[in-house]
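**Student:** any chance you can model this:
(one chain, ligands or ions: 1)
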Amino acid sequence: MKILALNAGSSSLKFALFDMAVEDCRLVKAEFENFKDGHCVLHFRLGGENSDEQIRSEPLASIEEAIQCVPTLLQEWGYSQIDAIGHRVIHGGERFTKATLIDSEVLQYIQSCTPLAPLHNPANLAGITTSKKIWPSAPQIAVFDTAFHHSLPVAAYTYAIPSAWRKAGARRYGFHGISHQYVAMRTAQAWQSPIENLRIISCHLGNGSSLCAIENGTSVDTSMGMSPLTGLAMGTRSGDVDPGLFSYLSRQCGLDINTIEQQLYSDSGLKALGGSPDLRNLEQWAAQGNLDAQLAIEVYAYSARKYLGAFAAVLGGIDAVVFTGGIGENSATMRQRICDRLQVIGLEIDDARNRKVRLRAFEAPEIASSQSRVRIFVTKTCEQLMIAKEVLTAIEGSSALPHAVCQTRQGNLYE
Ligand code: AMP
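**Tutor:** Model (predicted):
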C-alpha cells in the first residue's frame, strides 16, 4: 500500500511517500519552502532516510500550487499509485484521540478548532481540501499533533481559571505529539525494553520546541498548552510569559491583543533576544563574543532545563531522556548546556560521546556517561513515517474503507 503523508504548514509543504509493504518503506521525502516572487525551493530525497538530498527551484507561488504539483512530481519520480493520504493536523481539540478518516463532519470539527490554532489549522485545512480534489477516491486521514496528549491527567491539563472559560475549551492540549510518540518508541527500542516499563522525557527541540513526560508509553505532561506558544522559548515564539503581560502592554504601550499575539508568535524567542531564530547563527555569533546571542542561548537552555527538572518530579524519577528536532539532533553544545546542573536528577552527559554524535536515520546513539543514573539518547524524529503508520492503523481499524485498501499489512516500521 502506498501512503502519502502531507504536512501543509503556513510557510512550507512537506510530503513523503511510503510503501508499507516493504521494510525500507520510504520512497520519497520532499519539502517546498521559501515561497517568494512566484518561485519556491524544493528539497527532496528519493529513497530511504540516508539517501542524498537534491535541491532545485520551482515556479510555484503558493502552498496550494505546490500541492497541485505533487502528483506530477511523483509521476516524474516513477510513482503514480496513491492508496491513502495522511494529513498532519495541529489541533484536534478535545475530540480526537487517534488518527481519523476525514468526512465532512470531521472537517467541520477541525474547522471549529481553528481559534485554538489560528496559524496552523487553516493551512492544514487548505491542504486537506486541495488534496481531496486531486485524489478524490483515496481515503484521507487526519493525524493530530494533540492526540498523543489525550492521556494527560486532569490535574495536568486543567488551568485554574473560571469555569465558564474552561467550558469554552481553555485547557492544556499539548503539541508535537506525533514526534514525542515516535521518539519515545525509538528510545524503548534502543533500550530493548517494553515502553510500559520506562519513564521517558522527550525533548523535541526545533524551531518549535516542547518537552513531554511519558509514563507507560503515554503522555502525562507536556510544556505546550492550549496553544503552541507556551513552554520553552523557541525560534520566534516567546514560550512562557506572565498572562499579566497582555493588560500591561495594552495599557502601557497601547497594543491590541492581535498585535501582542502576533508578536509573541513571530517576533519573540531566539529571534527577539539574539537577532536570529536559527541556533546555528546564534552559536557562531556567541562564539565571537556577541552578548545578545549568548543571552538567547542561555535563556533557551534555561527554559529546557527547568522543564526537565519539573518533569522529573512529575514522573517521580526518570529512566531516559531523548533529544530530537533540529536543535536536539544537531547541537551537542545545547544538549550539554541543558543538562548542566541536572546531575541532581541523575543526568550526566559524556562530553566525548555527545560531540561524536553523527545521526543516521533510525539510530539512537547514547550520550550519557557511565556514572549517569539516567540514560540519554539522541534520535532523528520522523513525523511523516509516524503519520503513515497511523494512517495504516486507522485504515485497518475502519469498516468504512474498501477492502482493497485494507489488505496490506505493515512490516516493522521502526526497524
Ligand atoms: P526543526 O524545526 O526541527 O526543523 O529545527 C530547525 C532548527 O534546528 C533551526 O532553526 C536551527 O535553529 C536548528 N538547527 C538545525 N541544524 C543545526 C545545527 N547543526 N546546529 C545547531 N542548530 C541547528
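**Student:** what's the distance between whatever residue of the stretch 51-200 of the chain ends up closest to the ligand and residue 60?
**Tutor:** Using CB to the nearest ligand atom, the closest approach of the stretch 51-200 of the chain to the ligand is made by residue 179 at 8.7 Å. Quick note: C-beta positions are derived from backbone N, CA and C, even for glycine. Per CB to CB, to the nearest Å, residue 179 is found 27 Å from residue 60.
**Student:** ditto for residue 197
**Tutor:** Taken as CB to CB, the span from residue 197 to residue 60 is 48 Å.
**Student:** quick one: which of these two has more around it?
**Tutor:** Per other CB atoms under 10 Å, whichever of residue 197 and residue 60 has more neighbours is residue 60, with 20 against 11.
**Student:** let me know the secondary structure of the more buried one.
**Tutor:** Following DSSP: H, G, I helix; E, B strand; the rest coil, the label given to residue 60 is coil.
**Student:** contact partners for it?
**Tutor:** By CB atoms under 8 Å, 6 or more residues apart in numbering, residue 60 lies in contact with 32, 35, 38-40, 66, 69.
**Student:** do residue 303 as well
**Tutor:** 231-233, 239-240.
**Student:** what number of residues lie near the closest residue to the ligand within the stretch 301-415 of the chain?
**Tutor:** As assessed by CB to the nearest ligand atom, the ligand sits closest to residue 326 within the stretch 301-415 of the chain, at 2.1 Å. Residue 326: 18 surrounding residues under other CB under 10 Å.
**Student:** and it, that's in a helix?
**Tutor:** Yes. The assignment for residue 326 (three-state DSSP) places it in a helix.
**Student:** excluding chain neighbours, what is closest to it?
**Tutor:** In space, residue 326 comes closest to residue 206 once its chain neighbours are excluded; the distance is 4.4 Å by CB to CB, 6 or more residues apart in numbering.
**Student:** wouldn't the one you found be in contact with residue 330 here?
**Tutor:** No. Shown here, residue 206 and residue 330 do not form a contact pair, counting by CB atoms under 8 Å, at 9.9 Å.
**Student:** spatially nearest residue to the residue of the stretch 51-200 of the chain closest to the ligand (excluding sequence neighbours)?
**Tutor:** Nearest residue to residue 179 in three dimensions, chain neighbours excluded: residue 381, at 4.4 Å (CB to CB, 6+ apart).
**Student:** just residue 371 next, same as before
**Tutor:** Residue 371's closest residue in space is residue 348 (CB to CB, 6+ apart), at 5.6 Å.
**Student:** OK, contacts around the one you found?
**Tutor:** Contacts for residue 348 (CB under 8 Å, 6+ apart) come out as 339, 342, 368-369, 371-373.
**Student:** turn these into TSV, including distance to residue 125.
**Tutor:** Shown next, in TSV, are these (distance: CB to CB, whole Å):
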residue	distance to residue 125
339	39
342	41
368	42
369	47
371	50
372	45
373	46
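**Student:** Throw those residues into a markdown table and include pLDDT, thanks.
**Tutor:** Output for those, formatted as a markdown table (pLDDT from 0 to 100):
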| residue | pLDDT |
| --- | --- |
| 339 | 98 |
| 342 | 97 |
| 368 | 98 |
| 369 | 98 |
| 371 | 96 |
| 372 | 98 |
| 373 | 97 |
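**Student:** among these, name the ones in helices.
**Tutor:** residue 339 (DSSP state H).
**Student:** by neighbours, which of the contacts of residue 348 wins?
**Tutor:** Within these, residue 339 tops the neighbour count with 25 neighbours, counted by other CB under 10 Å.
**Student:** roughly how far does that residue sit from residue 301?
**Tutor:** 9 Å.
**Student:** what do you get for residue 52?
**Tutor:** In terms of CB to CB, residue 52 sits 33 Å off from residue 301.
**Student:** with neighbour numbers in mind, choose between these two.
**Tutor:** More neighbours surround residue 301 than the other of residue 52 and residue 301, with 22 against 7 (other CB under 10 Å).
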